[in-house]
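K.L.:
Here's a sequence, model it:
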Amino acid sequence: MKPFVTSLALLAFTFGCSNHDQYMSDRADATCAVWERCELLGVIGYEDFNECFAELHDESLEAETISGGCPNYDSAAAATCVDDLNSLECDSDFETPDSCIEVCG
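P.N.:
Numbering: from 1, shown residues only. Model (predicted):
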């Protein structure tokens, strides 16, 4: 039974950010990871990945509080957004993927 439960948990993680809070963390993580991979953290003004993550995560939470939250959260769009962010190449324009705009409907 344990392998079945583990498989279900892994499947849920793979195909969608299980909740909005996890999405906010995953999005900040993916954004900072691509900036780190492309050696942009210092250029943008961050000392390291942890500083980037903390600031982006906090700013996202603050923006959501001001805007009224995310009442129409779409977990499939959230998973696609994080995947799209993780797929950004260093020669990209670093624009926010359209999938990220669709997360809150």
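
K.L.:
use CA for all of it now, contacts and neighbours both
P.N.:
Will do.

K.L.:
what ranges do the helices span in this protein?
P.N.:
2-15, 20-37, 41-44, 49-67, 75-86, 98-101 (DSSP state H).

K.L.:
avg pLDDT for the fifth one?
P.N.:
With pLDDT averaged residue by residue, helix 75-86 scores 95.

K.L.:
what do you get for the third one?
P.N.:
Helix 41-44 carries an average pLDDT of 95.

K.L.:
Just read off the phi/psi values of Gly45.
P.N.:
phi 120, psi 20 (degrees, to the nearest 10).

K.L.:
try Ser92
P.N.:
The phi/psi pair for Ser92 (degrees, to the nearest 10) is phi -80, psi 170.

K.L.:
For it, give me the pLDDT.
P.N.:
88.

K.L.:
can you count the residues close to it?
P.N.:
Ser92 has 8 neighbours, counted by other Cα atoms under 10 Å.

K.L.:
Not counting its neighbours along the chain, what's nearest the spatially most central residue of the chain?
P.N.:
When Cα atoms, centre = their mean is applied to the chain, the residue found nearest the centroid is Arg27 (1.1 Å). Counting by Cα to Cα, 6 or more residues apart in numbering, Val82 is the residue found nearest to Arg27 once chain neighbours are left out, at 5.6 Å.

K.L.:
so what's the one you found up against?
P.N.:
Counting by Cα atoms under 8 Å, 6 or more residues apart in numbering, Val82 touches Tyr23, Asp26, Arg27, Ala30, Cys100.

K.L.:
With Asp84 instead?
P.N.:
Pro97, Ser99.

K.L.:
Equivalent analysis for His57, please.
P.N.:
Met24, Ser25, Ala28.

K.L.:
how about a cut-off of 10 Å?
P.N.:
Going by Cα atoms under 10 Å, 6 or more residues apart in numbering, His57 touches Asp21, Met24, Ser25, Asp26, Arg27, Ala28, Asp29, Glu51, Ala63.

K.L.:
Give me the neighbour count for the second one.
P.N.:
Neighbour count for Met24, taken as other Cα under 10 Å: 18.

K.L.:
pLDDT score assigned to the closest residue to it other than its chain neighbours?
P.N.:
Leaving aside its sequence neighbours, Met24 sits nearest to His57 (Cα to Cα, 6+ apart; 6.5 Å). What the model reports for His57 is a pLDDT of 94.
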